[in-house]
Structure formats: structure tokens, C-alpha cells
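>>> my questions are about this predicted structure, shown below with the sequence.
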Amino acid sequence: MSAGALVLGGAGFIGSHLLADLAARGVRPLICLDIAKPERPVDGVDYRHGDVRAPFDELVPEAVSVVYNLAAVHRTPGHPDHAYYDTNVAGALNACGYAARRGVQRLVFTSSIAVYGPREEPCTESTPLRPVSAYGRSKALAEAIHEQWADVDPESRRLAVLRSGVVFGRGENGNFDRLLRQMRRGAFVFPGRRDTIKGCGYVGELVRAIGFAVARDDRVYHANFAYPEPHTIEAIARTLSKAAGLRAPRWTVPTGAVMAAAWGFEVLARFGLRTGVDRDRVRKLLISTDVRPDRLTADGYRFETDLASGIRSWLASLDDG
């Protein structure tokens, strides 16, 4: 990476951890292009304000050897359908257009297991894509756009696509953070079932997996990311409770009661009391996301953490401020 790297959407959760890793490895120039300001700026990173929904060549005139495309609208639910396509698809077109015009030979795209669609059976890299949400469809389209970029020059261009499950760590502000907050209040109950499998992994492990994938010489490298061992929501809650010194959740509430309560929270949200709980989010908790990282493990990637040690690392980073 002697010529440096450009990270699109690097001000966000995963991008901040990726930038910290690249900076620590001495990658220069190291440029972040994002419409958001970083919550925790990384020393050595050149932060620039830019929108991937439009061409951004003039904003990044420097030569770079790798473009990491992390820019995305991804919170589901939470956005109108067109917002996912506006950013995720247009961003893919502009990222690939920039790489083509500047002669960049390596692209990394962070996709999602949403491209597989909801299903209870395990998903490997050979599982057919069957997205049903606007987010999942937009990510599948973005994957195809990146693959077309690689197909133009198969001798030189290299593409790595990471499809990640739930990623947790400092700055996530998502599923694991909500779980921790609810458990600290003693308010978490299992919604409808406790055997739902949720493929997940620590953000530091994801950054390592990205490095592993980008270093390979495959023309197109698709890899799922999650811990190899499937974990139920009950196992996740119990592991987190042990690491945080909290009482493990005990109760399972029938689905109908949970959905009724979620509807009540939606009503309260109309009056300005937002809890982050709604029926769509509950429905997501009831569906397994059993993603398996078969490609990574088959190619020799060794996980340095597991669920327990990953959670401990996350909690330790919170204590560090």
C-alpha cells in the first residue's frame, strides 16, 4: 500500500476502526471521504467532506493504491427505500468510476448478509442471493457494480467483498449496544424465542479479515464475516452478562405481547419519546442470521478472538473512555 489508501465512509463505526489500523501500519496518504464528521478522529488521517452520491475526483486528486468503499445507508428500519439505492448504488458507481479513471487496481467493498435475504438455514458464500429488503437489494446491486469493474481488467484489478453479520465494538450504537443498555437496566427479555442464531463478530476481527482479504490475489474474493461457531441470542446475552458482571436474562415473552409493546413504543415515538424499539426491529430479532465464514477459514484465516474475548475487548474499550 505504498501509494496510500482512500476510505469512503470512514467516519463511521467500522471505518474509524479500519482507519486506526491503517494509520498504525503507516499507510500514507490516508484519506477519509465522508459527509459526516468523525466522532473519534484518527491521527494521521486526512478527513475530507464529500458525498459519494456524486463523482468526487476533484476532492481526492492524490494517487492511492486501494479504495475501501464503506459508504452506505444501512440502518434498517429507518430510511425510505430510495435512500438505500441513492447512496449504496450511486456510491458504488462513483467509487468504481473513480478507481477506473485513476488507475486504482484494488477495491474493497463492505457488503452485508442482507444480500442472502431472511432464512433460517446457514448461509455460506455459495448460498444464492435472495434479498427482500431495499437495503439488501441495494447491496446486491452494489456488489454487481464492483464486480463489473473487476471484469473490465481481470489481469490487474482485484476486488474483495466482505459480507458481515452483526459487528460489535466501540462506537457501534446498534444491536449490541442496545442489548447492553437494556441488560444494565434489567429490562431485557427474549422476544418470542431465545434460539435465534445471530452471526456476529468483533470489529477488530473484521478489520483483520479485511486486511487478509485485500492482501490476496483473487480477481474477486467474496467472504462472509462472523465467528465460525453459530451463537444464539441466548448465548450472546449470557456471554455478555458474564463479561459485564450482570444478571443473565431469564424471561421469554410471547411474540404477540412483544409486538403489542413495540406498537406502543411506536405510538410514544410520535410524541417525541424515541426508544429505538418498533415492530420491524422486533421482527428482525425473530429471524436467524446464521452466516458462516467458510471462505475465510478454508483459505487459512485464523480468528484471534471468539465471542467471549471479543465482548471483553469491546467492554474494555468502553472503560478506556
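Right, received. Where do you want to start?

>>> show me where this structure has strands.
Applying DSSP state E to the chain gives strands spanning 5-8, 30-34, 46-49, 66-69, 106-112, 158-164, 166-168, 190-191, 200-202, 220-225, 252-253.

>>> and the fourth one, which strands flank it?
Right, the one you point to is strand 66-69. Next to strand 66-69 in the sheet, as set by DSSP bridges, lie strand 5-8 (parallel), strand 106-112 (parallel).

>>> please identify the most buried of those.
strand 5-8 (a mean of 27; mean count of other Cβ atoms under 10 Å). For the C-beta atoms, the positions are set from N, CA and C on the backbone; glycine is no exception.

>>> name the residues that touch that strand?
For strand 5-8, contacts defined as Cβ atoms under 8 Å, 6 or more residues apart in numbering pick out 15, 18-19, 22, 27, 29-34, 52, 60, 64-71, 91, 95.

>>> switch the cut-off to 7 Å
By Cβ atoms under 7 Å, 6 or more residues apart in numbering, the list of residues contacting strand 5-8 from outside reads 15, 18-19, 22, 27, 30-33, 52, 60, 64, 66-71, 91, 95.

>>> returning to that earlier point: quick one: closest of the strands of the chain to Thr124.
Nearest to Thr124 among those is strand 220-225 (6.8 Å), distances taken as Cβ to Cβ.

>>> so, low pLDDT: which residues of the stretch 201-321 of the chain?
Residue ranges of the stretch 201-321 of the chain with pLDDT under 70: 259, 261-263, 265-268, 273-284, 321.

>>> any chance of the strands paired with strand 66-69 in a markdown table, plus mean pLDDT and distance to Ser164?
Converted to a markdown table, those look like this (pLDDT from 0 to 100; distance: least, Cβ to Cβ, whole Å):
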| stretch | mean pLDDT | distance to Ser164 |
| --- | --- | --- |
| strand 5-8 | 98 | 16 |
| strand 106-112 | 97 | 7 |
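
>>> what's the most buried one of the strands of the chain?
On a mean-neighbour basis (criterion: mean count of other Cβ under 10 Å), the most buried of those is strand 5-8, at a mean of 27.

>>> now that one: how far from the chain's centre is it?
16 Å (Cα atoms, centre = their mean, to the nearest Å).

>>> then stretch 173-189?
Offset of stretch 173-189 from its chain centre (Cα atoms, centre = their mean): 19 Å.

>>> quick one: the helices in the stretch 151-300 of the chain?
Using DSSP state H, counting those that start in this stretch, the helices assigned to the stretch 151-300 of the chain run over residues 175-184, 203-214, 233-244, 255-270, 279-285, 294-298.

>>> the second one vs strand 106-112, what angle?
An angle of 140 degrees separates the directions of helix 203-214 and strand 106-112 when computed by axes from the mean of the first three to the mean of the last three Cα atoms, to 10 degrees.
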